[in-house]
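In: Need coordinates for the following:
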Amino acid sequence: MPQPNAIEASLMLAAERAGDITPLVYDRLFAAQPAMRAEFWRDGSGAIRGEMLSRVIETILDLAGPRAYADQMIDCEIITHDAYGIPRSVFTTFFAIVAETVAAIAGPDWTPDMAAGWARLLADVDAIVAAAPNHEASWTAAPRAIA
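Out: Numbering: from 1, shown residues only. Reported below is the predicted structural model:
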């Protein structure tokens, strides 16, 4: 089996040390973006947060690896989050929060390769988000009549 890349290695290290990192990620998110706590008003069990983080980690692994679908997944989720009224700057923040959480868990075992890998990945996410079309204007257009 090939050696895992630095991002995979950092995620594996975080999972080994902390198990489910969902509460840690969302604690950081809500500290950095307090208004986002209200967006999860119906997530009493944490299942929505867990699912969202799971999808983000899958997307991160694809971005760091084969890049088979991550760009399209991010494009789709931008549209979804636009519809929820989530600013795109907050959308990209979530990926950085995951990186910060993983780095904090890794502590002294966080390597320069991990830092460089995450920096490249976060730059890629920022570029994908910046290039995504803004569909917001089309939501306010008058509905078309169906003939």
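In: what separates the helix or strand where Ala83 lies from the chain centre, distance-wise?
Out: Element membership for Ala83, per DSSP states H and E: helix 70-84. The chain centre lies 11 Å from the centre of helix 70-84; the measure is CA atoms, centre = their mean, to the nearest Å.
In: ok now do Ala64, which residues does it touch?
Out: Contacts for Ala64 (CB atoms under 8 Å, 6 or more residues apart in numbering) come out as Asn5, Ile7, Glu8, Gly117, Leu121. Bear in mind the C-beta positions are built from the backbone N, C-alpha and C, glycine included.
In: Name the next helix or strand following the helix holding Ala83 along the chain.
Out: For helix 70-84, the following helix or strand on the C-terminal side (DSSP H and E) is helix 88-106.
In: downstream neighbour of that following helix in the secondary structure list?
Out: Trace forward from helix 88-106 with DSSP H and E and the next one is helix 112-131.
In: Go through the contacts of Ala64 and name the one nearest Ile105.
Out: Of all those, Ile105 sits closest to Ile7, with 13.8 Å by CB to CB.
In: Nearest spatial neighbour of that closest one, chain-adjacent residues omitted?
Out: Ala64 (4.1 Å; CB to CB, 6 or more residues apart in numbering).
In: So that neighbour versus Trp41, what's the distance?
Out: Plainly put, Ala64 is 32 Å away from Trp41 if you go by CB to CB, to the nearest Å.
In: Now the residue nearest the centre of the chain. Nearest residue, chain neighbours left out?
Out: Note on the chain: the residue nearest the mean C-alpha position is Phe95, at 3.7 Å, using CA atoms, centre = their mean. Nearest in space to Phe95, with sequence neighbours left out and distances taken as CB to CB, 6+ apart, is Val125 at 4.8 Å.
In: still on that earlier bit, and the helix holding Ala83, what's buried?
Out: If you call a residue buried by 16 or more other CB atoms under 10 Å, then helix 70-84 has these buried ones: Ala70, Asp71, Met73, Ile74, Glu77, Ile78, His81, Asp82.
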